[in-house]
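Enquirer: pasted the sequence and its predicted model underneath.
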Amino acid sequence: GTGGANMVNNAGTFTKQGAGTTQFFVSSTGVSFNNSGAVAVSAGTLALDAGGAHGNDFTVAGGTTLRLSGSHTFTAAAGITGAGSLLVAGGATTDAGAVNIGGATFSGGTASFNGSFSGGASLTVSGGTVNFNGTTSFDVGAPITLSGGAIGGAADLTVTGALTWSGGGMSGSGRTIITSGGTLTLNTTTHQLDRVLQNDGVATWTVGAFQMNGGTFINNGNFAASSSATLNCYGTGGANTFHNAGTFTQQGVGATQFFVSSTAVNFTNSGAVAVPAGTLTFNSGFTQTGGQLVLSGGTVSASSTMQI
């Protein structure tokens with residue numbers, strides 16, 4: 001738009017063809033796209049960057065992308081389906097309908113999905129916040145990448161493949177669950193946990209602070225803290241717990257520290273804690289309700305009470 005209020009209202013059939021991008025966006029003013037008919041993305045990218053209100057379906061074919069920015073609302077009757085990709089790049093999207101897509105990427109803005117969300121072959125979050133509030137699933141073995149922004153919402157997010165967490169945070173009342181066949185890798189930079197993260201698979205922490213604000217980490221599988229430097233886990237607010245019911249191993253020549261920053265991260269153990277190398281430090285409480293703490297070459301230190 002070059003001025004005034006502008007919109008495209010589709011009550012029929014709108015088809016995106018060709019390998020390029022069709023874009024509705026803000027110049028001096030925006031051109032919103034509103035759909036009460038049928039939208040088919042059959043090739044290329046359809047970029048709705050100036051918002052819109054949607055009461056009917058979008059179909060996104062394999063190899064194509066539906067990109068959303070600006071303010072979008074989808075009613076319960078407005079589904080997003082197909083083997084293609086959904087990209088939320090900015091703005092605020094609220095979706096009450098069903099989403100069944102081939103892959104999902106979030107790089108900015110806030111997107112809240114209150115209906116069912118089936119994300120297909122992959123989930124990538126590099127910026128913004130995505131809230132999953134309805135039943136949420138991805139393909140078996142689908143990789144999930146969190147490098148910035150946040151994953152939140154009231155729904156559980158179940159990971160059956162590899163979750164690579166290199167930055168950003170997790171929040172909301174739902175749980176992130178790494179299944180017995182899944183993996184969790186914490187690396188690169190700070191990881192903010194404000195919800196329950198449950199590992200039933202294999203987790204490895206090599207780089208980056210692990211900070212919590214009302215967070216709980218539950219390890220039912222195998223968790224390895226492995227670094228030649230120092231790994232720090234601490235609270236930035238709220239009550240925080242790291243509970244080990246599986247096997248926690250301190251590896252490498254470096255150190256892993258659980259301590260008080262603004263608040264504490266209490267470590268509780270009912271499984272096995274093994275320290276074959278390096279130093280494992282509990283400066284914000286250690287409580288053992290079962291299992292064992294095994295020193296086999298490494299060092300355990302504490303400046304607070306250890307209950308064994």
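Expert: Alright, I've got the coordinates.

Enquirer: what number of residues lie near Ala61?
Expert: 15 (other Cβ atoms under 10 Å). All C-beta spots, glycine's among them, are computed from the backbone N, C-alpha and C.

Enquirer: what separates Asn232 from Ile178, distance-wise?
Expert: 22 Å (Cβ to Cβ, to the nearest Å).

Enquirer: nearest residue to Gly169 in space, please, no chain neighbours.
Expert: Gln192 (3.3 Å; Cβ to Cβ, 6 or more residues apart in numbering).

Enquirer: contact partners for the one you found?
Expert: 150, 168-171, 211-213, 236 (Cβ atoms under 8 Å, 6 or more residues apart in numbering).

Enquirer: Ser32: which of those is nearest?
Expert: For the contacts of Gln192, the closest approach to Ser32 (Cβ to Cβ) belongs to Ala150, at 26.6 Å.

Enquirer: SS state for the residue nearest to the spatial centre of the chain?
Expert: The C-alpha lying nearest the average C-alpha coordinate of the chain belongs to Ile151 (Cα atoms, centre = their mean; 3.5 Å). Assigned by DSSP: H, G, I helix; E, B strand; the rest coil, the conformation of Ile151 is strand.

Enquirer: just to revisit the earlier point, which helix or strand contains the residue nearest to Gly169?
Expert: Assigned by DSSP states H and E, Gln192 falls within strand 191-193.

Enquirer: quick one: name whatever helix or strand follows that strand.
Expert: strand 196-199.

Enquirer: against which helices or strands is that next one packed?
Expert: Counting contacts by 3 or more Cβ pairs under 8 Å, 6 or more residues apart in numbering; DSSP states H and E, strand 196-199 packs against strand 175-178, strand 216-219.

Enquirer: per-residue pLDDT, Gly252?
Expert: We note a pLDDT of 89 for Gly252 in this prediction.

Enquirer: can I get the helices and strands packed on strand 196-199 in a markdown table including distance to Thr2 and mean neighbour count?
Expert: Converted to a markdown table, the helices and strands packed on strand 196-199 look like this (distance: least, Cβ to Cβ, whole Å; neighbours: other Cβ atoms under 10 Å):
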| stretch | distance to Thr2 | mean neighbour count |
| --- | --- | --- |
| strand 175-178 | 45 | 21 |
| strand 216-219 | 52 | 21 |
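
Enquirer: reformat those into TSV and put distance to Ile101 and mean pLDDT next to each item.
Expert: Shown next, in TSV, are the helices and strands packed on strand 196-199 (distance: least, Cβ to Cβ, whole Å; pLDDT from 0 to 100):
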stretch	distance to Ile101	mean pLDDT
strand 175-178	20	98
strand 216-219	30	98
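
Enquirer: and the strand holding Gln192, how far out from the chain's middle?
Expert: 10 Å (Cα atoms, centre = their mean, to the nearest Å).

Enquirer: same check on stretch 171-181?
Expert: That offset, for stretch 171-181, works out to 9 Å (Cα atoms, centre = their mean).

Enquirer: how far does that stretch stretch from start to finish?
Expert: 23 Å (Cα to Cα, to the nearest Å).
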